[in-house]
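K.L.:
Generate a structure from the sequence data that follows.
(2 chains)
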Amino acid sequence: MGTRNDLIITGIGVSSGGDVGAVQIDGVGTINGALSCEEEFVVNGKATVKGGVEARKTVINGMVTIEGPLRTEGCTVEGKLKLEGNLAAESVQINGSVTVHGSVEAERLASNGKLQMDSLNADEIKLMLQGSSSIREIGGGTIEVIELEKSSSRWLKLLPMSLENSLTAQVIEGDHIYLENTAAGVVRGAVVRIGPGCEIGLVEYKESFELSDGSVVKSNARL
Amino acid sequence: MEEDLISKKELLEMTGISYGQLYRWKRKQLLPEDWFIRRSAFTGQETFFPRQQVLGRIRQIMNMKEGLSLDEMADLFSPAPAEVDLSRGDLLSRNIVSRTALEYSEPYLGTPHTYSFQQMLILYVFDCSLQTGQIHLEEGKAMLAVLLDNLGRLEEYEGELVLLRKMGMSFALLLSGDREFYAEKDAKIALRIPIAKKTEELKLKLSAQEGRMEDSNGNEE
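P.N.:
Numbers count the residues shown, from 1 in each chain, chains lettered A, B, ... in the order given. This next block holds a predicted model:
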């Protein structure tokens, strides 16, 4: 599109980044600088970008490290994404593991896997836990955290590692909140439902509060 | 620094907005990041806001959200310049700058065919400072001159225009950023004008009237 050239790497390749049309990396790519893509940023395989990325759409199948922020409309991750900056997107779909050294802002975020980030702000948040996630602050409209299935891969239990599907957070704030397997300091919301496997310090709610068996809430208060 | 802060809980209670709205407005940068002040409280961490600023902004958002989208409002509140050029006639007929201020500015700005946003902002600040009645015309002109020479150096129009007086002498100062300053005790601060606030006011004036013009065009059709 336009006058910008596409950046295509098939196999193993290195580029210096810059302003491009679309990016397609099939294989292993190293980009030695920030990238501004008018179109899609697609990686099938492995890529490292030594700078931030701007793209209309971001599709990651494999493993990507971005040493800067990522700004995009739609973001799909199948595999692993590591960001050394903030993530700003319209919608984010994650199947795998995402680590962000910064904040994540989106209208919608749905994930199935493991998240590590400083803060998450989205209107609709749906986290299906696999492995241990940790997010310091979560805020938004609807927040739903569920443990999809009990240890889907039973053979993994043989390994001497912590394989609990859990979320750790300091603060969770939203209008409608449902949590499972979550350890949090404070949960604030209008409608708060605490499902099984939670350990919460304080719940503050405006309309209703439900607590299921097998979860601990140290104190709760209606505002 | 003693600031009047309001906790997030109190804010939601007072204004009746929801967490969803608050977080959405934060995402859209209707509420600037540096208004979110994190303090540790006995429950862990709590967020506080500068009371006057956040309540004022939320009132504005509530008033405008019928007519404007969140993105349009974000442009309005951002300290970045708007992209408009208006003629001298427009400025007068749309009541953005008074005729007096415009005439006094001529030796400095000349009589350009159209005025850029920055020029409009300079004129608007000049006009506002004259209309406070707290300064002389000559002082106003000094403020105009300092703006004209230095406004372009400010990052996104974040700064403050100050007029200091000491024993009948006065001079104008343009400060960049949101900083405190201290003058000697004989000096008097005659006037302080936050540029970002004026930028916002000017954008509001510009957009309100654009809206009205579109409306009236619509009615004619």
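
K.L.:
interface residues of chain B facing chain A?
P.N.:
B:8-9, B:13, B:18-20, B:22-24, B:26-27, B:43-45 (Cβ under 8 Å from any Cβ of the partner chain). Just so you know, the C-beta spots here come from the backbone N, C-alpha and C atoms, and that holds for glycine as well.

K.L.:
and the residue in chain A that chain B sits nearest to, how many residues sit next to it?
P.N.:
The nearest approach of chain A to chain B comes at residue A:141, 3.2 Å away (Cβ to the nearest Cβ). By the criterion of other Cβ atoms under 10 Å in any protein chain shown, residue A:141 has 23 neighbours.

K.L.:
Quickly find the element holding it.
P.N.:
Assigned by DSSP states H and E, residue A:141 belongs to strand A:132-147.

K.L.:
Just checking: what are the partner strands of that strand?
P.N.:
Sheet pairing of strand A:132-147 (DSSP bridges) gives strand A:91-129 (parallel), strand A:166-179 (parallel).

K.L.:
winner for burial among those?
P.N.:
Of all the strands paired with strand A:132-147, strand A:166-179 carries the top mean neighbour count, a mean of 23, counting by mean count of other Cβ atoms under 10 Å in any protein chain shown.

K.L.:
just to revisit the earlier point, from the residues of chain B next to chain A, which land in helices?
P.N.:
B:8, B:9, B:13, B:19, B:20, B:22, B:23, B:24, B:26, B:27 (DSSP state H).

K.L.:
And stretch A:59-79, what's buried?
P.N.:
Under the neighbour-count criterion of 16 or more other Cβ atoms under 10 Å in any protein chain shown, stretch A:59-79 has A:59-72, A:74-79 buried.

K.L.:
Quickly list the domain ranges of chain B.
P.N.:
B:5-77, B:86-215 (automatic domain parsing).

K.L.:
which one of these has the lowest average pLDDT?
P.N.:
Among those, domain B:86-215 carries the lowest mean pLDDT, a mean of 83.

K.L.:
so how far is it off the chain centroid?
P.N.:
Relative to its chain's centre, domain B:86-215 lies at 10 Å (Cα atoms, centre = their mean, to the nearest Å).

K.L.:
Can you name the residue of chain B nearest chain A?
P.N.:
Taking Cβ to the nearest Cβ, chain A has its nearest neighbour within chain B at residue B:20, 3.2 Å off.

K.L.:
dump the residue contacts of the nearest residue to that residue once chain neighbours are set aside.
P.N.:
In space, and not counting its chain neighbours, residue B:20 is closest to residue A:141: 3.2 Å by Cβ to Cβ, 6 or more residues apart in numbering or on different chains. Counting by Cβ atoms under 8 Å, 6 or more residues apart in numbering or on different chains, residue A:141 touches A:123, A:124, A:174, A:175, A:176, B:18, B:19, B:20, B:23, B:24.
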